[in-house]
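J.: show me the folded form of this:
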Amino acid sequence: MSLIERMAVLRAYKQALRKELKCRLTALSAAEKQRQSRLLSYKLFKHPKYISSQRIAVFLSMDDEVCTEEIIKDLFKRGKSCFIPRYRTCSSHMDMLKLNSLQDLETLALTSWNIRQPAEDCNSREEALSS
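T.: Residues are numbered from 1 along each chain as shown. Model prediction:
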């Protein structure tokens, strides 16, 4: 099998896996999603790499994803730097920009995906990979 054929097979498996996971997630109750998100967060909080890190990038979750709210709260409670994604419209480019506080998060605009992120024309935030 050629590399191109293997890549096509891999893409097909990946799509099938995503579809299966989406079905499983849809079947979970909101309470169960919240319970599993808390369990995952508490495991993360005990991990040595998390404890020793001072700068952490985290996504802002959608309803069908692991809820990252507790993680973001914990980052600020521990005095760590928190970076969140900013996606560019009509592009696959993403920056990880510094979130200054929980209050800062509330001031960010909502995208069409209903996720908060810094404005595209905002150039005043620290970018994780350039600092």
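
J.: what's the burial count for residue 54?
T.: For residue 54, the count of nearby residues is 9 (other CB atoms under 10 Å). C-beta here means a position set from N, CA and C on the backbone, and glycine is covered the same way.

J.: wait, it sits on residue 83?
T.: No - when contacts are counted by CB atoms under 8 Å, residue 54 is not listed as touching residue 83 (11.4 Å).

J.: give the next helix or strand downstream of the longest helix seen in the chain.
T.: The residue-count maximum for a helix in the chain (DSSP state H) belongs to helix 3-27. As assigned by DSSP states H and E, the chain's next helix or strand after helix 3-27 is helix 30-46.

J.: just checking, what packs against that next one?
T.: helix 69-77 (3 or more CB pairs under 8 Å, 6 or more residues apart in numbering; DSSP states H and E).

J.: now do the buried residues in the following helix or strand past the helix it packs on.
T.: Counting by DSSP H and E, the element after helix 69-77 in chain order, helix or strand, is strand 81-87. The neighbour-count check on strand 81-87 (16 or more other CB atoms under 10 Å) flags 81-86 as buried.

J.: residues in contact with strand 81-87?
T.: 54-60, 72, 75-76, 93-99, 105, 111, 117-118, 120, 122, 126, 128 (CB atoms under 8 Å, 6 or more residues apart in numbering).

J.: stretch 99-111 too?
T.: Contacts of stretch 99-111 (CB under 8 Å, 6+ apart): 60, 72-73, 76, 82-84, 87, 116-119.

J.: then stretch 44-59?
T.: Residues outside stretch 44-59 that contact it (CB under 8 Å, 6+ apart) are 65, 68, 71-72, 74-75, 80-85, 96, 128.

J.: quick revisit: distance between the longest helix of the chain and the chain's centre?
T.: 20 Å (CA atoms, centre = their mean, to the nearest Å).

J.: now do it: everything it contacts.
T.: 1, 33, 64.

J.: please tell me how far the spatially most central residue of the chain sits from residue 83.
T.: The centroid of the chain falls nearest to residue 59 when counting by CA atoms, centre = their mean (1.7 Å). Remark: distance between residue 59 and residue 83 (CB to CB, to the nearest Å) = 10 Å.

J.: appreciated, that's everything.
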